[in-house]
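*Asks:* Could you look at this predicted model? Sequence included:
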Amino acid sequence: MSRVGRKPVSIPQQVKVTVEGRTVRVEGPKGQLSWTHRPEVAVTVDEANRSVVVTRNGNERLARALHGTTRSIIANMIEGCLNGYSKQLEMYGVGYGVQVQGNRVQLNVGFASPRTFEIPPGLEVTIQAPQARGDSDPARFTVSGRDKQAVGEFAARLRRVRPPEPYKGKGIRYAGEHVRRKVGKAFAGAAGM
């Protein structure tokens, strides 16, 4: 039996969880989320203990695989409606920048024209104010929202526009991400001396 799936998910006081058929709805201070789980598992709300319990219907391989996954998704929904999720990104490079205009984010990352992305509903992109930014200081921006999957997916889409390159480190990376650097080629004249 899945060790993750067996653990009940506790429901904080500010959050309300309801199950209607196979649809799980979570409401909290940050908003609400709903998700329809697979028929191989069953989800019940234990009002006495203020927790959500996930059980599986049968012992097939797919049911065993979905047991822990379903529990984790519901736990992420509760956490997202209570506190929300965020991914901070940094942009290194001379002339690189980011702008938010309405529901669009525009990235200037060395291409002939800026790359523009529509911000998905439920997500927010905020830009940290630069403090006398020099060449080595990155432009910082944050993708935040209540849906963990949507936040991570949109942040990955933005990072994919210009991933960090190993020679100068230019590009978009997650905050705290380590970029493995390479040494460039040595001059041919220096090797013959």
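*Replies:* Arrived safely, thanks for sending.
*Asks:* Test my guess that Lys7 contacts Gly68.
*Replies:* No. If you go by CB atoms under 8 Å, Lys7 and Gly68 don't touch, sitting 9.1 Å apart. No exception for glycine: its C-beta is placed from N, CA and C like everyone else's.
*Asks:* Setting the sequence-adjacent residues aside, check what's closest to Trp35.
*Replies:* Val24 (5.4 Å; CB to CB, 6 or more residues apart in numbering).
*Asks:* How about the secondary structure of the one you found?
*Replies:* In three-state terms, and counting by DSSP: H, G, I helix; E, B strand; the rest coil, Val24 is strand.
*Asks:* likewise Leu66?
*Replies:* Per three-state DSSP, Leu66 ends up helix.
*Asks:* per-residue pLDDT, it?
*Replies:* The score at Leu66 is 92. That number is its pLDDT.
*Asks:* just the one 10 residues further on next, same as before
*Replies:* Reported pLDDT at Asn76 in the predicted model: 95.
*Asks:* show me what contacts it?
*Replies:* By CB atoms under 8 Å, 6 or more residues apart in numbering, the residues touching Asn76 are 148-149.
*Asks:* which secondary structure element contains it?
*Replies:* Here Asn76, judged by DSSP states H and E, is contained in helix 61-82.
*Asks:* of Lys7 and Gly68, who's got more company?
*Replies:* Counted by other CB atoms under 10 Å, Lys7 and Gly68 do not tie: Gly68 has more neighbours, with 19 against 15.
*Asks:* Help me confirm that that one comes into contact with Val4.
*Replies:* Yes. Using CB under 8 Å, Gly68 is in contact with Val4, at 3.7 Å.
*Asks:* you'd agree the residue nearest to Trp35 is up against Ile11?
*Replies:* No. Taking contacts as CB under 8 Å, Val24 lies outside contact range of Ile11: 11.7 Å.
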